[in-house]
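Colleague: Sequence first, predicted coordinates after that:
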Amino acid sequence: MLQRIIIVLVALILVPVSQASAQSGALEKAVGGYSFEEAAKEDPATKNFHSNDGVLTFAIVTHTAGNGFFDPVYVGATVAGNMIGAKILLLGSESPTDDPAREIEILNQIIQDPKLDGLILTTPQVGAYDDIVKTAMRNGIPVATTNSYDGTIHNRSGISHTGQDASAAAIAGEALVDCLMERGIESGSILLPSSTAMGNIEVNNRVTSAFNAVVTKLQAMGKLQDFKVDAGPENTGIDVNPNDPVNGIVALFESRGDVVGAFAGNNVFTPALAKAVDQMGKTGEICAYGFDLGPAQQEALRSGALTGALGQQPFLQGFWPVMQLYLQIDRGISAANLDTRAQLVTQENVSAVGSRYEN
């Protein structure tokens with residue numbers, strides 16, 4: 001028996017190195033016979049696409065560049081541009097609040113630029129961008145949308161979209177209920193202030209998703225009858241003046257008198273919600289949740305005026321559209337969507353946000 005074991009061990013030791021290497025899983029070429037290294041090279045014609053000037057130029061245009069939310073988006077686009085050797089034009093409305101009209105004005109200008117090879121745009125105002133897309137198609141310029149979603153946009157199935165699906169707001173709605181239970185709050189009003197006048201369908205859908213999540217979770221726990229959950233007549237938000245959101249939310253809370261929870265669906269109403277909570281001396285008493293992770297939200301999370309906020313991972317909303325346009329041009333790959341999902345940030349983990357401009 002011992003002799004047989006020794007023979008087997010010697011046989012294993014004498015196995016040729018080449019045979020062992022062949023079993024490592026390393027691949028030298030494709031099944032079709034071509035080299036992976038050769039196939040990975042950029043098409044020689046790519047840099048001369050459309051403008052024929054030896055460099056790819058992409059523009060990214062947003063509807064509000066004045067409040068900091070889109071800063072990581074621009075960083076992501078720049079990183080992607082550096083990786084593929086493309087020039088990225090960073091454009092957007094200078095307003096700190098949603099300004100689709102100014103964005104459209106910029107889009108109408110940039111789409112006529114003969115050096116443009118690809119266009120990325122946000123689409124917060126449903127139905128307002130068809131002419132832009134049609135002009136781009138006539139000019140042979142590929143388009144990608146990011147952040148806000150317009151499901152009716154011209155050639156939607158042929159245009160990639162990168163963004164957070166509104167259903168992600170359910171994460172905040174569920175967290176709000178958990179907060180109430182952890183604090184031992186057994187009754188009161190849960191309000192979702194917003195404004196449909198801003199024309200942002202994505203925000204409306206977020207509010208609805210958060211509302212549905214709050215109602216569903218409370219109902220599952222047998223506690224829905226103990227709370228008054230109000231998101232307005234259409235469940236898209238209780239109307240508050242977007243030009244004076246802090247005072248509007250304070251007045252709303254005071255009119256109800258028993259507010260224990262709240263949710264705000266965008267970068268306008270979330271900082272306003274935190275300021276209203278602080279102004280009323282309700283920090284730590286109201287489970288307040290919102291959207292985005294700009295400087296105002298991070299400060300409010302640290303102070304406790306805001307209990308939690310959902311990040312959209314906006315770096316991806318700049319990075320992927322640039323790469324998608326490049327893949328369409330260089331590889332002929334069809335438009336592919338990316339859902340950036342949500343990142344729930346609270347006082348406990350806010351310090352980890354934005355360490356490399358990716359909040």
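Modeller: Thanks, I have it.
Colleague: Neighbours of the residue nearest to residue 284 when sequence neighbours are not counted, how many?
Modeller: In this structure, residue 284 finds its nearest non-sequential neighbour in residue 304, 5.5 Å apart by C-beta to C-beta, 6 or more residues apart in numbering. Placement of C-beta: from N, CA and C, glycine included. Using other C-beta atoms under 10 Å, the number of residues around residue 304 comes to 16.
Colleague: just the one 4 residues further on next, same as before
Modeller: With neighbours defined by other C-beta under 10 Å, the count for residue 308 comes to 24.
Colleague: Beta-bridge partners for it, please?
Modeller: On the basis of DSSP bridges, residue 308 takes part in beta bridges with residue 289, residue 346.
Colleague: Could you pull out the strands in the stretch 201-350 of the chain for me?
Modeller: 227-230, 238-239, 259-263, 287-291, 308-311, 338-339, 343-346 (DSSP state E, counting those that start in this stretch).
Colleague: Export the ones you listed to TSV and append columns for mean pLDDT and distance to residue 150.
Modeller: Compiled in TSV, those are given as follows (pLDDT from 0 to 100; distance: least, C-beta to C-beta, whole Å):
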stretch	mean pLDDT	distance to residue 150
strand 227-230	98	28
strand 238-239	96	23
strand 259-263	98	24
strand 287-291	97	19
strand 308-311	95	21
strand 338-339	96	16
strand 343-346	94	24
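Colleague: which one of the ones you listed lies closest to residue 352?
Modeller: Between residue 352 and those, the tightest spacing by C-beta to C-beta is seen for strand 343-346, at 8.2 Å.
Colleague: Give me the buried positions along that closest one.
Modeller: 343, 345 (16 or more other C-beta atoms under 10 Å).
Colleague: Likewise for stretch 35-54?
Modeller: If you call a residue buried by 16+ other C-beta under 10 Å, then stretch 35-54 has these buried ones: 46, 47, 49, 50, 51.
Colleague: hang on, the earlier thing: so who does the residue nearest to residue 284 touch?
Modeller: Under the criterion of C-beta atoms under 8 Å, 6 or more residues apart in numbering, the contact list for residue 304 reads 283, 284, 347.
Colleague: Of those, which one scores lowest on pLDDT?
Modeller: Between those, the one the model trusts least by pLDDT is residue 284, at 93.
Colleague: That residue - how many residues pack around it?
Modeller: If we define neighbours as other C-beta under 10 Å, then residue 284 has 13 of them.
Colleague: Give the closest residue to the residue minimising distance to the centre of the chain in space, chain neighbours not counted.
Modeller: Within the chain, one residue has its C-alpha closest to the average C-alpha position: by C-alpha atoms, centre = their mean, that is residue 312, at 3.5 Å. Leaving out its chain neighbours, the residue that sits closest to residue 312 by C-beta to C-beta, 6+ apart is residue 164, at 4.3 Å.
Colleague: The one you found and residue 337 touch, don't they?
Modeller: No: between residue 164 and residue 337 there is no contact, the gap being 11.6 Å when judged by C-beta atoms under 8 Å.
Colleague: who's more crowded, those two?
Modeller: Neighbours around residue 164 and residue 337, counted as other C-beta under 10 Å, are more numerous at residue 164. The numbers are 26 against 15.
Colleague: Tell me the pLDDT of the more buried one.
Modeller: At residue 164 the predicted local distance difference test score is 91.
Colleague: List the contacts of residue 156.
Modeller: Residues in contact with residue 156, defined by C-beta under 8 Å, 6+ apart, are residue 150.
Colleague: Kindly provide the distance from it to residue 164.
Modeller: Counting by C-beta to C-beta, to the nearest Å, the separation of residue 156 from residue 164 is 18 Å.
Colleague: quick one, phi/psi of the nearest residue to residue 294 once chain neighbours are set aside?
Modeller: Using C-beta to C-beta, 6+ apart and skipping residues adjacent in sequence, the residue nearest residue 294 is residue 68, 4.5 Å away. Here the main-chain torsion angles of residue 68 (degrees, to the nearest 10) amount to phi 100, psi -20.
Colleague: I'd like the distance between residue 68 and residue 268.
Modeller: 13 Å.
Colleague: Surely residue 190 and residue 256 touch.
Modeller: No: applying C-beta under 8 Å, one finds residue 190 not in contact with residue 256, separated by 9.9 Å.
Colleague: Can you list the buried residues in the helix ranked longest in the chain?
Modeller: Ranked by residue count under DSSP state H, the longest helix found in the chain is helix 201-220. The neighbour-count criterion (16+ other C-beta under 10 Å) identifies 201-215, 217-218 as the buried residues of helix 201-220.
Colleague: Okay, helices next: where are they in the stretch 251-359 of the chain?
Modeller: In the stretch 251-359 of the chain, the segments counted as helices under DSSP state H, counting those that start in this stretch are 269-279, 295-303, 314-331.
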